[in-house]
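> next one to model:
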Amino acid sequence: ENLEEFRQYSKVTKPPKAEERARLEAHFHTLQTKLRVSGRPAYVPSEGKLVTDIAHAWKGLEGGEKAKQEFLQNELIRLERLERLAATFERKANVLEKWVEGQDEPLKSNDEIVAADLPEANVTFYQLTVFLHLFHSHSLFPCPGSSEETRDL
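Next up, the predicted model:
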């Protein structure tokens, strides 16, 4: 929205003001020339209304415009990056959720493990270990206390 407002300002609002400034300078120089030719003293505008004052203020305006444009462009780049990161997170989270759906079946049984089920218990333990390793090694879900937790977007 702000970028569109800035474009509107640059295309609609500023050009007439630039033309007005150019006409003002031309009228001022024409007036000074006519006064000089007729032998009269030069016109001296009041403080802050000299052509040089206006030119200085115009340069300040252009500097502010440039700063605002750079800010808006950087903000747009930042927002696009955040959108890409959110999409990546969503995609990875969906993949992880689909993978997790089938992984909790062995954990749901409340049966006691007996010696005859030891191979099955070892498989379940291995699956759980692999799940925890994948879960914590995934860049979106770091292990507690890891340095990646403080990573900012």
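> give the helix, strand or coil label for E47.
coil (DSSP: H, G, I helix; E, B strand; the rest coil).
> let me see the contact set for it.
By Cβ atoms under 8 Å, 6 or more residues apart in numbering, the residues touching E47 are D53. The way it works is simple: take the backbone N, C-alpha and C, and place the C-beta from them, glycine included.
> the same query, at a cut-off of 7 Å, please.
Neighbour list for E47: empty [criterion: Cβ atoms under 7 Å, 6 or more residues apart in numbering].
> what's the answer for K68, then?
Neighbouring residues of K68 by Cβ under 7 Å, 6+ apart: F6.
> what distance do you get for it to E62?
11 Å (Cβ to Cβ, to the nearest Å).
> repeat for T13
14 Å.
> show me which residues of the helix or strand harbouring L24 are buried.
Using DSSP states H and E, L24 falls within helix 14-37. By neighbour count on 16 or more other Cβ atoms under 10 Å, the buried set for helix 14-37 is F28.
> and that helix, what other elements does it pack with?
Here helix 14-37 touches helix 51-101, going by 3 or more Cβ pairs under 7 Å, 6 or more residues apart in numbering; DSSP states H and E.
> what is the mean pLDDT for the helix it packs on?
Averaging pLDDT along helix 51-101 yields 91.
> compute the inter-axis angle for it and helix 14-37.
Calculated by axes from the mean of the first three to the mean of the last three Cα atoms, to 10 degrees, helix 51-101 forms an angle of 170 degrees with helix 14-37.
> name all residues that make contact with V51.
25, 28.
> quick check: it vs A22, distance?
V51 sits 11 Å away from A22, going by Cβ to Cβ.
> what of K68?
Distance from K68 to A22, by Cβ to Cβ: 23 Å.
> go on, P16?
11 Å.
> for Q8, same thing?
Going from Q8 to A22 by Cβ to Cβ gives 22 Å.
> ok, now L35?
From L35 to A22 the distance is 21 Å (Cβ to Cβ).
> and Y126, how many residues sit next to it?
Close neighbours of Y126, defined as other Cβ atoms under 10 Å, add up to 10.
> quick check: which element contains it?
Per DSSP H and E: helix 118-137 holds Y126.
> skipping adjacent residues, who's closest to N2 in space?
Excluding the flanking residues, the one nearest N2 by Cβ to Cβ, 6 or more residues apart in numbering is L72, at 5.9 Å.
> surely that neighbour and R7 touch.
No: at 9.4 Å, L72 does not count as touching R7 under the criterion of Cβ atoms under 7 Å.
> I am finished for the moment; much appreciated.
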